[in-house]
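A.B. asks: I need the structure of the sequence given here:
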Amino acid sequence: LLVRVLSRQRRLRYLPANRFPPTTVVVGRREFASYSKPTVIQVTAEQHALLRPDMYIGSIVETEVEVWLIDNGHFTRRLASFCPGLIKIVDEILVNAADNKQRDERMAEIRVEIDKSTGEISVWNDGRGLQIERMGEGGDFIPFLVFGCLRTSTNYDDEQKRTVGGRNGFGAKLANIYSTRFHVKTASSENGLVFEQTWYNNMSKHDEPKITPQTGTAEDYTEVRFTPDYARLKTSLTPDTLALLRRRVYDLAATLKGVRISLNGEEITVDGLREYAQLCSDGREEGDQRSTPIFYDAPSERWEVAMRVRSRLDDEDGRSQDVVSFVNNCATTKSGKHVDHVWDRCLAVLRPWVEKSLQRKVRPGQIKRRVSLFINSLIDNPTFDTQLKETLSTTASKFGSEYTVNERALRNWAEQVRLDELIKEDDTKKSTPTRRASVSQLFVSKLEDAALAGGKSSGECSLLLTEGDSAKALAVSGLQVIGRDRFGVYPLRGKLKNVSDMDRRQAVEVPEVAALMSILGLVPNADYSTPEQRAKLRYGRIILLTDQDEDGSHIKGLVMNIFRCLWPSLLRAPFITALETPLIKARMGSSTVSFYSRLEYDEWAERTEDSEKWKIKYYKGLGTSTAEEAREYFKDLESRLVHYVWTGGEDEESLEVAFGGDKSGERKRWIEAGERVDRKEDNPESRNVPYANFVNGELRTFAIQDLKRSIPSVVDGLKPSQRKILHTCLKMGQGKQEKVAQLAARVAQSTSYHHGENSLIKAIVSMAQDFVGASNLPLLRGIGQFGTRHAGGEDAASARYIYAALSPFSRRLFPSADDPLLTSVVEEGVVAEPVWFCPILPLVLINGTEGIATGWSTTVHPRDPLALVDTVRRRIEGDSREEWAAEELLPYYSGFTGSIDRVDERRIRCEGRIEVMKRAKAARFMKVLIDELPVGVWTSNYKEKVLGQMVKDGVIRSIREAHTGESVRFEVELSSEMTKRVEKKPETLTKLFKLSSTFTTGNMVLFSPSGQLRTYARIGQILQEHFDVRRELYGRRLEAGKNQAEERLAKCWNEHRFVSSFLEGRIEGASNEERRSRAIAEGIREDVVDHLLNLPLSKLNRQECAKLEEKIHSVEDEVLSCKAQDWRSVWSRELDEFEGEWTKEMKRKLRI
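C.D. replies: Sure thing, here's the model as predicted:
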């Protein structure tokens, strides 16, 4: 039956829906219901709401659904039978009352009453009452419109931002329409009136409004009393319905802050979403539900999020999610965009943590099914998919706010509830195959499988293992040349794990290893020594396609190590190869020269006279290559391949030394040997490289470069990235500031930095941080939020928002007069930063350093800059080396107010500060003040890990925090038992609160001035080595200064002699050549004659001659001054200037 609603201008009589009895029409073998008299029916909005309840209040058919219900003091999920429509109309009135809190912050109470005998329901709130006045002249009263007329609302102005549940002007009216009696009473303190009105029979009839003045003090309130039309709704107040309505009152108590809520006179005490989540049980836990660990986060007034783990999964495969969410007090039972928004933020933290723990990828659904999520949100002008308001459809950009998760707290909660172990239990799929994959096609994420892999021609297939997705893109471009039948591509994700110290079970669970097993068809512990056994594999060989730099060599080595540990027989077979691509290209005109290592390029640049004229391009990553270059690499693929071959025990031993966890001593000796073995050393035409040659060549080069990146120089205390940053900032000059992100880009471009700019950003931020535990003497000045001691600098703002400039100390430490004397690094023909700077004090002892590299680590603790000034002064004045070497300075951290003392020759103890606070005589509990933490212990970590655990253990009763940006202050109240214990032994406080740490001083590894790695046993050795280099530099600087002054004096004498001779007529002639000869005869140097002959006439007069005489006297004094200076006086003067700058900075900090 096709029914069309005609134009509103046609007024048709309303006809009941059952007016015409249906007849049956048979079409083919199917029967359809029809009406004997098809008629167009027009209904009012109220009648339409009654005819089609599904559109307005949901189904009025009793439904059985599993829901959260309150039972014995906590929530449980169980099946309940109820009428959704009845729940909805009651909910509309509840949300209407809750919305009043957003309009009137003074609202403090909501009372809900349900009379089981009469079925009447009432909701009362003490928020601002409705205006008791008519709408316009002669119009209806506003309360009548709000509760008795559809499509009337205060929420239609979408330009106004509101955080209420009402939107369309239907809510309360729908409750009226589905009630047999609906009574409203509202009082307004504004005009001291009370308005009452009653509707009957589904809002079809109503009494006249009754308006009376208030007696006594005027007040505000609104009460709605209604009796739902149970007959029309085909239901009654069943136990399940009452339980569900009680649950909705609990919802309000949890989400409506600052409002006292009662049900039938009983106050509902649920203190926010945290307690609400604690009340929820999935039916398996035993004991007190409030003891279950809850993640709770309320970053703003608009967002509350709580989580608890689920100990029971609701379906067989565990995919169902458990979410309880609210938007502006509306229960969004079918979630929506706000739930997606919160999940996205939380999964961004939980997923990497779980994956790191399990060492494999985890799907979002695996986490969601193990977590009950609770959300309470306030959204600006929310939109829902229907009037039922079950699903929020507002996009996140229009929320009016965003949820920012507390990442550290969320990770701690996940660790506490062992979320990773729960997910591991759920994972029924085995991470290792029990048999070889026999299918010809395999579906692995990001795998471009060869067409013939896994079939009869598997042995002819090659798998290209690439370093990341960009290298995969290059390989895919190359497939256009070599085809896809026999070549597959799979990208490795970042650096592989070293599996040497894992047992086989752990190793095969590493995601990259598990993927390789699937792709290649490998079986754990299988022997592939014979061609017949290797024929079972899906590919006959692998081709490593990595960056041509040292990091690419490391990835190659890690792949080889996987096979060494798990399938050593494949190392002995011709199975692993690598595709060589250029690392550097030099171009001039149409000529191009490719280099496959730095050594090749350096040798070419040394023997090529005009190498600086060539345009050099460094290919840091394979992504630098164009598609055309990629196709060029693959045109003659086999000739570009390097085949790694097994030659015997030396290969095994080399790989073991490089990667074995128990070979640290041999690994250090291997790196120190440092001689590069060229793969073509024995046979230049051979493309076969023994594994030992690869390890002792490319891989050792990586290890050496890794050391250079991670271990600083003893001369300037800087690592290469820090040196590049300082060099760039010194060139920019004092006072110029630049955004950190832009500065990182400038450094990378001007110094040929070949690694990620994110590393430079971290280094820049670190060089500007000056909180306790960071640098004593920051070389950069941070402008903006560069992090605090409370989070160890991790709370620094984004590099896009903060600026950095040269610190005023930098030029005091690194005098500009040194710059021309320093030897610079040359990168691909570009003059970059110095090999090392030479500060006037050993910076590595001022700021300290830490570094971890292949085979080595280093830790140098910082010292007091002023103490170092005194020490260096004494050495300048003539202290002997023996006295210098014997002197030891304790570590020093600027701003640290705790204590540092020596335990023994190699150990230092660092303690924070704690003291007992004064208390009244009647006070039962002791209070202690913690106002300093050990260096390197950050405030937020300390609160969570130490104080948080003590609260759980009942050791302390309360914590009060009063930190500043630079200082720490915890006021802690002890329990009665701990108070008694501390009163007896107050010296135990430091140990009890874990305010003491010990560190060693015997791991000072640095690069010597000549570039050799050296271990320094005492700081006196570092001081002496720096002293020798700095003294030698002063000698060269003074000599250069004297030579420059003498050269200026000679130029002045020559110019004065020339002008005098010219004025006296001794330099005359018919030609320039004649005048030139006469000038030389007058004793003027030949190399300046041409310049002097071109002097303008304005410079050839008596006045200029007199000026030159004055200049000569001045330069003569300068020469005498230079000759009189010695390195001691210059160094002492520069130390004085540094000390003055340091003192000024310390006074500035004290003023702050």
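A.B. asks: residue ranges with poor pLDDT in the stretch 601-750 of the chain?
C.D. replies: Within the stretch 601-750 of the chain, the segments meeting pLDDT under 70 span 620-624, 674-686.
A.B. asks: how about a cut-off of 80?
C.D. replies: 602-603, 606, 609-613, 616-633, 636, 649, 661-664, 672-687 (pLDDT under 80).
A.B. asks: same question, the stretch 1051-1152 of the chain
C.D. replies: For the stretch 1051-1152 of the chain, the stretches with pLDDT under 80 are 1061-1062, 1064-1065, 1067-1083, 1086-1090, 1092-1095, 1097-1100, 1121-1122, 1124, 1147-1152.
A.B. asks: show me where it has helices.
C.D. replies: Read by DSSP state H, counting those that start in this stretch, the stretch 1051-1152 of the chain holds these helices, from start to end of the chain: 1072-1081, 1086-1093, 1102-1124, 1127-1151.
A.B. asks: before we move on, what about the stretch 401-550 of the chain?
C.D. replies: Assigned helices in the stretch 401-550 of the chain, in chain order: 407-416, 419-426, 468-482, 504-509, 511-520, 531-534, 550-566 (criterion: DSSP H, counting those that start in this stretch).
A.B. asks: for residue 384, which of the ones you listed is the nearest?
C.D. replies: Taking Cβ to Cβ as the criterion, residue 384 comes closest to helix 407-416 out of the helices of the stretch 401-550 of the chain, the separation being 28.6 Å. Backbone N, C-alpha and C define where each C-beta goes, glycine included.
A.B. asks: tell me what angle the closest one forms with helix 419-426.
C.D. replies: Using axes from the mean of the first three to the mean of the last three Cα atoms, to 10 degrees, one finds that helix 407-416 and helix 419-426 are set 50 degrees apart in direction.
A.B. asks: what is helix 407-416 packed up against?
C.D. replies: Contacts of helix 407-416 with other secondary structure elements, assessed using 3 or more Cβ pairs under 8 Å, 6 or more residues apart in numbering; DSSP states H and E, are made with strand 295-300, helix 337-358.
A.B. asks: would you format those as a markdown table with mean neighbour count, distance to residue 737 and mean pLDDT included?
C.D. replies: Putting these into a markdown table (neighbours: other Cβ atoms under 10 Å; distance: least, Cβ to Cβ, whole Å; pLDDT from 0 to 100) gives the following:
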| stretch | mean neighbour count | distance to residue 737 | mean pLDDT |
| --- | --- | --- | --- |
| strand 295-300 | 18 | 31 | 90 |
| helix 337-358 | 18 | 32 | 92 |
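A.B. asks: so residue 667 touches residue 657, yeah?
C.D. replies: Yes. Using Cβ atoms under 8 Å, residue 667 makes contact with residue 657 at a distance of 5.7 Å.
A.B. asks: so for residue 240, which of the helices of the stretch 1051-1152 of the chain sits nearest?
C.D. replies: Between residue 240 and these, the tightest spacing by Cβ to Cβ is seen for helix 1127-1151, at 67.4 Å.
A.B. asks: can you pull the buried residues of stretch 856-871?
C.D. replies: By neighbour count, with 16 or more other Cβ atoms under 10 Å as the criterion, the buried positions of stretch 856-871 are 856, 858, 859, 860, 861, 862, 863, 864, 865, 868, 869, 871.
A.B. asks: and the furthest pair within those residues?
C.D. replies: For the buried residues of stretch 856-871, with distances taken as Cβ to Cβ, the pair at the greatest spread is 856 and 869 (30.5 Å).
A.B. asks: which among the helices of the stretch 1051-1152 of the chain is found nearest to residue 220?
C.D. replies: Within these, the stretch nearest residue 220 is helix 1127-1151; the backing value is 52.8 Å (Cβ to Cβ).
A.B. asks: just the residues contacting the closest one, thanks.
C.D. replies: Under the contact criterion Cβ atoms under 8 Å, 6 or more residues apart in numbering, helix 1127-1151 has outside partners 777, 808-809, 812-813, 815, 840-841, 865-866, 869, 872-873, 876-877, 895, 1030-1031, 1034-1035, 1037-1038.
A.B. asks: buried residues in it?
C.D. replies: Buried, per 16+ other Cβ under 10 Å, within helix 1127-1151: 1127, 1130, 1131, 1134, 1135, 1138, 1139, 1141, 1142, 1145.
A.B. asks: also stretch 117-131?
C.D. replies: 119-131.
A.B. asks: turn those into TSV, columns for distance to residue 910, pLDDT and secondary structure.
C.D. replies: As requested, these are exported to TSV (distance: Cβ to Cβ, whole Å; pLDDT from 0 to 100; DSSP: H, G, I helix; E, B strand; the rest coil):
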residue	distance to residue 910	pLDDT	secondary structure
119	72	93	coil
120	71	95	coil
121	66	96	strand
122	66	96	strand
123	62	96	strand
124	62	95	strand
125	58	94	strand
126	58	92	coil
127	57	91	coil
128	59	91	coil
129	64	91	coil
130	66	89	coil
131	67	88	coil
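A.B. asks: residues near residue 1054, how many?
C.D. replies: The burial metric for residue 1054, expressed as a neighbour count using other Cβ atoms under 10 Å, is 21.
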